[in-house]
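1. just to be clear, the model below is a prediction. Sequence and coordinates:
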Amino acid sequence: MTTYKEYHARSLRDPTGFWADQARLIDWHQPFSQVLDYSTPPFAKWFVGGTTNLAHNAIDRHLATRGDQPALIYVSTETGEEKTYTFRQLYREVNRVAGMLKGLGVTRGNRVLIYMPMIAEATFAMLACARIGAIHSVVFGGFAAVSLATRIDDAQPTVIVSADAGSRAGKPVPYKLLLDEAIELAKFPPSKVLLVDRKLAEMKRVPGRDVDYATLRAQHMNDEVPCEWLESSEPSYILYTSGTTGTPKGVQRDTGGYAVALAASMRDIFCCEAGDTFFSTSDIGWVVGHSYIVYAPLIVGATTVMYEGVPVRPDGGIWWSIVEKYKVNVMFSSPTAIRVLKKHDPALLRKYDLASLRLLFLAGEPLDEPTARWISDGIGKPVIDNYWQTETGWPILGISRGIQALPSKFGSPGVPAAGYSVKIFDEATGAELTQPHRKGVVAIEGPLPPGCMTTVWGDDDRYVRTYWTSVPSKHVYSTFDWGIRDEDGYFFILGRTDDVINVAGHRLGTREIEESLSSHPNVAEVAVVGVADALKGQVAMAFAILKDATKADTLEKKLAHEGEMMKVVDSQLGAVARPARVHFVSVLPKTRSGKLLRRSIQALAEGREPGDLTTIEDPSALQQIKDAIHA
Ligand code: AMP
């Protein structure tokens, strides 16, 4: 039996042999001629010349053996809908939507933006794009008009697929309304908008542009649309994520490498195989939803559960009732969701029969020990942390139980997954820190393994500049996370090195929020930082200098102004980016050269010492931050 150490070592020593073996996990239409082309680093091309298709691997190849097995189980506690689609039924629906999209003029390489709530049609649309070689760009429903418009203009979709509304805790959340606003703002509006009418909200239609999903579906009932065979490196999708600058980056994913990496991760890390049922509580708008609601479970022939609703409605037992009813084997969620459950009756964890459940994976943000213990003891199952990013598409760090049952360590997401050469670098000198317990930047030595981002959509230069030059060592990808490694090779993640914050597992750029707040007519300057929060991990906190401070010179006026500014963020970026508090100050702490001392603001907001202040221009600015927080 191979130890995990040997397995991982081989993946780095002999990447071509290792990944050629993994490539057998999926179907290829035409075999590849070269496993890896790394002739123009940091751009890595995996499985060169091989042609394949994600929808074929997720659906078609299972039809002969598991056509009647459930592929997608859809549960909505918002509408009460519950529906199971077998692989054959999923095949039919995806062919219909593929036919619909083609009919609307979408061809291979075109972009299709999907702005949808958690409904089965969103999954059909993603897989239909994959089928016809269109590149999907799913935008999380929590994003509002300005965020959406930025993404429309960057991806320039031919078609947008959307719906009248989503629903959260029983309240309709408008989609179409925000979409219309976004299209109005966009410089590159789509030619057609395909709309699912859930009858949750009124929907105005733009003649000639807006098309009704149900009506069009009826015209494509019997469509059979052959899969487009894509070269392995052809893009499958774009997924936007936040970074240091205000403009989100379109993470571009390939096709063949992604399918192979997901299949390998299901075997090695998630221990999930054909016939199993996998339940990821994420949203399709995030990377976890792309990889572990839609593609990975289906690629390996497992059943995937898609859930619309909050974790505590009708009560905190809803997920466990789903586990019991559908005999879920593997679950994937986030620490924040578990902290939400923690506020509810722990007896709910024992109310349902969880015999089918083997493992619960948590990711997206640091997992604190009390939360890990509470849920592990509560459901009596192993709880496994794993660490990755939108950019990588699948875990960088984890415990590959499928290879060897390594023990977990509290506070650590684990050891590098196969294919990842993870190292720690000194931020100032760029030197690798080889000794254990030294804090530095977590970085990955190139080439990135299959499945990771291949570039920033439309901007190769930005890809190189952003990820491959911030650690001054050649061919090293920066994760922008601080970390340490212990003597056993386990990594501990200690927060971001950049201006990205993580609110309830959602990644947000503080610059985006600052830009949005700055558009309020009375804001002269604003700083947004992430502040530790017991429930959400972090929340955004804003400190603003007003042009006319008299507009907030009483408590009442302050609160009104704060509310107004939150509304600006709500309407532009979405409630997901709304700061928890907006404080008003007359000066912000800056260096003499005018750089905002964000880390000091954050430290003060968290009740810590502000750190090195030798370069501060006006020390009274710190007192103002302290006073504002304690006011
Ligand atoms: P996203 O791209 O939205 O998945 O966010 C990625 C970021 O979330 C990482 O760079 C980390 O800062 C954080 N993150 C993800 N998973 C973990 C984890 N298991 N432990 C600590 N931080 C995590």
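-> Now that the structure is in, tell me what you want to look at.
2. what segments of the stretch 251-400 of the chain are strands?
-> Taking DSSP state E, counting those that start in this stretch as the criterion, the stretch 251-400 of the chain contains strands spanning 277-280, 303-308, 330-333, 359-363, 383-386, 397-398.
3. mind checking the SS state of the residue lying closest to residue 506 once chain neighbours are set aside?
-> Ranked by CB to CB, 6 or more residues apart in numbering and with sequence neighbours excluded, the top spatial neighbour of residue 506 is residue 576, at 5.6 Å. Yep, even glycine has a C-beta here, placed from its N, CA and C like the rest. The three-state label for residue 576, taken from DSSP: H, G, I helix; E, B strand; the rest coil, comes out as helix.
4. what parts of the stretch 351-500 of the chain come near the ligand?
-> Where the stretch 351-500 of the chain comes near the ligand, counting by CB under 6 Å from any ligand atom, the residues are 363-367, 385-387, 389-390, 413, 479, 481, 493, 496.
5. repeat the analysis, applying 5 Å as the threshold.
-> Within reach of the ligand by CB under 5 Å from any ligand atom, the stretch 351-500 of the chain has these residues: 363, 364, 366, 385, 387, 389, 390, 413, 481, 493.
6. I'd like the next helix or strand past the helix or strand residue 151 falls within.
-> Taking DSSP states H and E as the definition, residue 151 sits inside helix 145-155. Using DSSP H and E, the helix or strand that follows helix 145-155 towards the C-terminus is strand 159-163.
7. do you know how far the most far-flung residue of the chain relative to its centre is from the ligand?
-> Note on the chain: the largest separation between a C-alpha and the mean C-alpha position, by CA atoms, centre = their mean, falls on residue 550 (41.3 Å). Computed with CB to the nearest ligand atom, to the nearest Å, the distance linking residue 550 and the ligand is 40 Å.
8. what does stretch 442-449 rub up against?
-> With contact meaning CB atoms under 8 Å, 6 or more residues apart in numbering, stretch 442-449 is reached by 11, 15, 19, 36, 38, 41-42, 44, 257, 261, 392, 396, 418-425, 468, 471, 473, 475-479, 481-483, 491, 493.
9. recalculate using a threshold of 7 Å.
-> Under the criterion CB atoms under 7 Å, 6 or more residues apart in numbering, residues 36, 38, 41-42, 44, 261, 396, 419-425, 471, 475-479, 481, 483, 491, 493 lie in contact with stretch 442-449.
10. what's the span of it, first residue to last?
-> Its first and final residues considered, stretch 442-449 spans 16 Å by CA to CA, to the nearest Å.
11. again, but for stretch 164-182
-> Using CA to CA, one end of stretch 164-182 lies 14 Å from the other.
12. next one: it to chain centre, how far?
-> Going by CA atoms, centre = their mean, to the nearest Å, the spacing between the C-alpha centre of stretch 164-182 and its chain's C-alpha centre is 20 Å.
13. what are the contacting residues of it?
-> Stretch 164-182 is contacted from outside by 78-79, 115, 117, 141, 144-145, 148-149, 152, 160, 162-163, 195, 197-198, 200-201, 203, 310, 313, using CB under 7 Å, 6+ apart.
14. ok, now with 8 Å
-> Outside stretch 164-182, the residues touching it (CB under 8 Å, 6+ apart) are 76, 78-79, 115-118, 141, 144-146, 148-149, 152, 160, 162-163, 193, 195-204, 206, 308, 310, 313.
15. just the buried subset of the residues you listed, please.
-> When neighbours are counted using 16 or more other CB atoms under 10 Å, the contacts of stretch 164-182 contain these buried positions: 76, 78, 115-118, 141, 144-146, 148-149, 152, 160, 162-163, 193, 195-198, 200-201, 203, 308, 310.
16. compute the number of surrounding residues for the residue of the stretch 51-200 of the chain found nearest the ligand.
-> In the stretch 51-200 of the chain, no residue comes nearer to the ligand than residue 140, which is 10.2 Å away by CB to the nearest ligand atom. Neighbours of residue 140 under the rule other CB atoms under 10 Å: 20.
17. look up how far residue 611 lies from the residue nearest to it when sequence neighbours are not counted.
-> Using CB to CB, 6+ apart and skipping the chain neighbours, the partner closest in space to residue 140 is residue 285 (2.9 Å). According to CB to CB, to the nearest Å, residue 285 and residue 611 sit 35 Å apart.
18. check residue 295 too.
-> Distance from residue 295 to residue 611, by CB to CB: 43 Å.
19. okay, those two: which has more neighbours?
-> Higher neighbour count among residue 295 and residue 611: residue 295, with 30 against 11, using other CB under 10 Å.
20. just the pLDDT for that one.
-> Per-residue confidence at residue 295 stands at 98 (pLDDT).
21. ok, it - contacts?
-> For residue 295, the contacting residues are 54, 58, 258, 259, 262, by CB under 8 Å, 6+ apart.
22. surely the last one meets residue 299?
-> Yes - at 5.6 Å, residue 262 counts as touching residue 299 under the criterion of CB atoms under 8 Å.
23. the more surrounded of the two?
-> Each of residue 262 and residue 299 has its neighbours counted (other CB under 10 Å); residue 262 has more, 29 against 26.
24. name the nearest residue to that one, ignoring sequence neighbours.
-> Sequence neighbours aside, residue 296 is the residue nearest to residue 262 in space, at 4.0 Å (criterion: CB to CB, 6+ apart).
25. what's near enough to touch that neighbour?
-> Remark: with contacts taken as CB under 8 Å, 6+ apart, residue 296 is in contact with 262, 263, 265, 266, 270, 278, 394.
26. most neighbours of all the residues you listed, which one?
-> Neighbour counts for those were taken using other CB under 10 Å; the highest belongs to residue 270, which has 32 neighbours.
27. who's the closest spatial neighbour of that one, skipping the chain neighbours?
-> Counting by CB to CB, 6+ apart, residue 330 is the residue found nearest to residue 270 once chain neighbours are left out, at 5.7 Å.
28. helix, strand, or coil at the residue nearest to residue 631 when sequence neighbours are not counted?
-> If you skip the residues right next to it in sequence, residue 631 has residue 583 as its closest partner in space, 7.7 Å away by CB to CB, 6+ apart. Reduced to three states with three-state DSSP, the structure at residue 583 is strand.
29. who does residue 583 form a beta bridge with?
-> Using DSSP bridges, the beta-bridge partners of residue 583 come out as residue 543.
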